[in-house]
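Undergrad: Have a look at this prediction, sequence included:
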Amino acid sequence: MSQFVSPKQSLGNLDAEAAAKVISAVADVALVVDSEGVILDLSFGSDELSSESYSHWLGQPWASTVTAESKPKVEALLRDAAADGAPAWRHINHPSPLGADVPILYSAIKLGRAGRVVAVGRNLRAASVMQQRLVEAQQSLERDYARLRHAETRYRLLFQMASEAILIVDGQTERVVEANPVAVQLLGNSSKQVVGRQFPEDFHTASAAELKALLSAVRITGHAEDVPVRFGDRGPEFRVAASLFRQDNNSHFLIRLSPLQGATIESAAARARSTVLRALESSPDGFVVTEHNGRVLFANRAFVDLVQFATEEQVRGKSLDQWLGRPGVDLSVLIANLRQHGSVRLFATALRGEFGATSEVEISAVSVDDGPDACLGFTIRGIDRRLASTPAPSGRELPRSVEQLTELIGRVPLKDIVRETTDVIERLCIEAALDLTADNRASAAEMLGLSRQSLYVKLHRYGLGDLESDAAS
């Protein structure tokens, strides 16, 4: 802030009337406030404020004429003015009988030694209205931008999902600007090989000439009849339709290629693939497709239920190893066999759910190495019910065959398998000895090389013989 260098010489003997005129001329509103903050006099240099009848401010505390959030600012202005501090400008709002608050930018200056303060203010209503219009214009632009973005998203989605090959070709250079996935699959191996290519290119010579004529007709008349063309010398035949549209002051061709032959076959194959996918999704057996390192790409509903998740998205991207048998062992064995043999059948293991549930399962797997989308497929079948419904073995049969014991490897510790097998053999030997001796305990003990007391202990352990008579003896 810059002040007058010699105000006494330049302004001369400026009296109160002249000072009041100067203040009224330069300020939209001016207040004279006493040391208690009460308004002693006021003037309005703005016709807009004068017409709103603020004369009732006289005799009221300045702080009572402002809104609640502006009262601390009024107190700060009066405090700074009383301390002869550097004048500061503060934004203060006055309630208006017309509805909206009146924004005033105030600065307060101490006047003489009686503690009076002169507060001069500038009306910010015009700036506030302009600012509000700017905000509304910005919001309108954002809404328009959002609508355009949503429209572009819908266009992109339809463009990508179209079942026919669609190309966007520049009207001047006749180069491909955009191509949907079907067109990319038809005309090249990747979008980089298609976008930027001259159109028509790689078509049969006669077909290329017809396509050139088609584009010329569409450029002149805006429309033309569809033409049959052939891609390459022995490639498939298509019916090509073209239309012209303008974008950013440039003309573009929208070209659609519909297959002439094999359309029914392609459609049937697509329907068959869709049916297979729906069948796999609804299969009661778990089905998982993973990368070669075991990271999940796809999982059907049955597998999601087995591992106790709610949606497929929750398992996608995770390693199958975290749910199979022993972590770091079963999946490694499966992948090693798939690399060596290409498929695995009826691999027995356990499947752990996210919340601790464990299921006995059989896994059949296959490695798909053809094409760029190489993957591993796993079919997972729960066998808990099968194990539970297996009839109990008779007293003369082994409860577990060698094959069943082999299946326990990896799921049950070796010491438990050995202990269970030893108990089975011991029980069978005792039963055979009792049969051979007509249930003579002493002879059976001698035949087995056991003491009679040891034989009784084992009979009690396996629940064999008449336990009550043993206790009585």
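TA: Structure received.
Undergrad: For the most centrally placed residue in the chain, which three-state class applies?
TA: With distances taken as Cα atoms, centre = their mean, Glu313 lies nearest the centre of the chain, 9.5 Å away. Here Glu313 is recorded as helix under DSSP: H, G, I helix; E, B strand; the rest coil.
Undergrad: Please read off the pLDDT at it from the model.
TA: pLDDT, Glu313: 87.
Undergrad: now swap in the one 4 residues further on and tell me
TA: Confidence at Gly317, expressed as pLDDT, is 89.
Undergrad: Make sure it is indeed in a strand.
TA: No. Secondary structure assignment (three-state DSSP) places Gly317 in coil, not in a strand.
Undergrad: Test my guess that it contacts Gly294.
TA: No. Counting by Cβ atoms under 8 Å, Gly317 does not reach Gly294; the two are 11.4 Å apart. Using the backbone N, CA and C atoms, a C-beta is placed for each residue, glycine as well.
Undergrad: Who has more neighbours out of those two?
TA: Taking other Cβ atoms under 10 Å, Gly317 and Gly294 do not tie; Gly294 has more neighbours (19 against 10).
Undergrad: So that one sits against Asp321, correct?
TA: Yes. If you go by Cβ under 8 Å, Gly294 and Asp321 touch, sitting 5.6 Å apart.
Undergrad: Report the set of residues contacting both of these two.
TA: Leu331 (Cβ atoms under 8 Å, 6 or more residues apart in numbering).
Undergrad: Please, which helix or strand holds Asp41?
TA: Under the criterion of DSSP states H and E, Asp41 resides in strand 39-44.
Undergrad: and that strand, which residues are buried?
TA: By 16 or more other Cβ atoms under 10 Å, the buried positions in strand 39-44 come out as Ile39, Leu42, Ser43, Phe44.
Undergrad: buried residues in the longest helix along the chain?
TA: Longest helix in the chain, counting residues (DSSP state H): helix 125-161. Residues of helix 125-161 classed as buried by neighbour count (16+ other Cβ under 10 Å): Arg125, Ser128.
Undergrad: Just name whatever secondary elements it is in contact with.
TA: For helix 125-161, the contact count by 3 or more Cβ pairs under 8 Å, 6 or more residues apart in numbering; DSSP states H and E identifies strand 102-111 as packing neighbours.
Undergrad: Need the CA coordinates for the strand it packs on. PDB is fine.
TA: Only the C-alpha atoms of strand 102-111 are listed here, as PDB (Å, rounded to 0.1, in the frame of the first residue of the first chain):
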ATOM      1  CA  VAL A 102     -24.400  -8.700  -0.200                       C
ATOM      2  CA  PRO A 103     -20.600  -9.300  -0.300                       C
ATOM      3  CA  ILE A 104     -18.600  -6.200   0.600                       C
ATOM      4  CA  LEU A 105     -14.800  -5.900   0.700                       C
ATOM      5  CA  TYR A 106     -13.900  -3.700   3.800                       C
ATOM      6  CA  SER A 107     -10.900  -1.900   5.100                       C
ATOM      7  CA  ALA A 108     -10.900   0.000   8.400                       C
ATOM      8  CA  ILE A 109      -8.800   3.000   9.300                       C
ATOM      9  CA  LYS A 110      -8.500   4.700  12.700                       C
ATOM     10  CA  LEU A 111      -9.900   8.300  12.700                       C
END
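Undergrad: May I have the strands that pair with it, each with its orientation?
TA: Strands that pair with strand 102-111, judged by DSSP bridges, come out as strand 90-94 (antiparallel), strand 116-123 (antiparallel).
Undergrad: Please identify the buried residues of the longest one?
TA: The reference is to strand 116-123. For strand 116-123, using 16+ other Cβ under 10 Å, the buried residues are Arg116, Val117, Val118, Ala119, Val120, Gly121, Arg122, Asn123.
Undergrad: try the first one
TA: By 16+ other Cβ under 10 Å, the buried positions in strand 90-94 come out as Arg90, Ile92, Asn93, His94.
Undergrad: contact partners of that strand?
TA: Contacts for strand 90-94 (Cβ under 8 Å, 6+ apart): 54, 65-67, 69-70, 73-74, 76-77, 101-107, 121, 124.
Undergrad: Likewise for stretch 126-144?
TA: With contact meaning Cβ under 8 Å, 6+ apart, stretch 126-144 is reached by Pro103.
Undergrad: swap in stretch 202-213?
TA: Applying Cβ under 8 Å, 6+ apart, the contact partners of stretch 202-213 are Leu187, Phe199, Pro200, Glu201, Val227, Val229, Arg230, Phe231, Gly232, Asp233, Gly235, Val240.
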